[in-house]
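K.L.:
I would like to see how this sequence folds:
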Amino acid sequence: MLLEVGVITKAHGLRGEVIVHLWSDLPDRMKPTSSFLTDDGTLVIETSKPHQGQFIVRFQGISDRNAAERLRSTVLRAESVDVEGVLWIHELLEATVTTSTGMDLGTVQAVEQNPASDLLVTTGGHLIPLAFVVSHEPNESIVVELPEGFLEV
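P.N.:
Residues are numbered from 1 along each chain as shown. Model prediction:
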């Protein structure tokens, strides 16, 4: 499955480098020879270095500022990566949510950002902190352990 992992924000310098804002939590995606699918084809990293929370990147075949400027706003897509113990939003969507006692809470229709813990938004009208997830089967099922009284009004 392809995920949107970053975007090229602008050209940098005169030799074809660009600034990439990486949305992914995996900085290894920015290693030389890594490739991204875009709406206009594949881009392969030639060089990359961190810069002010982003990356300065030169892609193969992009050698001047004009070519780099044409890449502005290009969304970068890459294959999903399995990381042990990490919940990925694309694996949570449309999964059925049940409590550890078997109560059906609906299916996940969105994941909402929240400072304390991101929230599963279910078709049953529930907002469930990701911190309560005890197990999941990607895009199939999620089991949550809710504190006593959590669902009471």
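
K.L.:
on contacts alone, who are the packing partners of the helix or strand bottoming out on mean pLDDT in the chain?
P.N.:
When each helix and strand of the chain is scored by mean pLDDT, DSSP states H and E, helix 89-92 comes last, with a mean of 83. With contacts defined as 3 or more CB pairs under 8 Å, 6 or more residues apart in numbering; DSSP states H and E, helix 89-92 has these neighbours: strand 104-112. C-beta coordinates here come from the backbone N, C-alpha and C atoms, glycine included.

K.L.:
C-terminal to the strand it packs on, what's the next element?
P.N.:
strand 119-122 (DSSP states H and E).

K.L.:
Residues touching that following strand, excluding its own?
P.N.:
92, 97, 105-112, 126-130, 133, 142, 144 (CB atoms under 8 Å, 6 or more residues apart in numbering).

K.L.:
Equivalent analysis for stretch 13-32, please.
P.N.:
3-12, 34, 45-48, 50-51, 54-59, 62-65, 67-68, 71-72, 76, 78, 81, 83.

K.L.:
In PyMOL, select just the buried ones from those.
P.N.:
A single PyMOL command suffices to select whichever of those are buried according to 16 or more other CB atoms under 10 Å:
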select buried, resi 3+5+6+7+8+11+12+34+45+46+48+54+55+56+57+58+59+62+65+68+71+76+78
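
K.L.:
could you check the distance from the most centrally placed residue in the chain over to V134?
P.N.:
Ranked by distance to the mean C-alpha position of the chain (CA atoms, centre = their mean), the top residue is S24 at 5.0 Å. Distance from S24 to V134, counting by CB to CB, to the nearest Å: 25 Å.

K.L.:
what's the answer for E91, then?
P.N.:
Counting by CB to CB, the gap from E91 to V134 is 15 Å.

K.L.:
And for L3?
P.N.:
25 Å.

K.L.:
quick one, domains of this structure?
P.N.:
2-79, 89-144 (automatic domain parsing).

K.L.:
What is the end-to-end distance of the first one?
P.N.:
With CA to CA, to the nearest Å applied, domain 2-79 spans 5 Å between its terminal residues.
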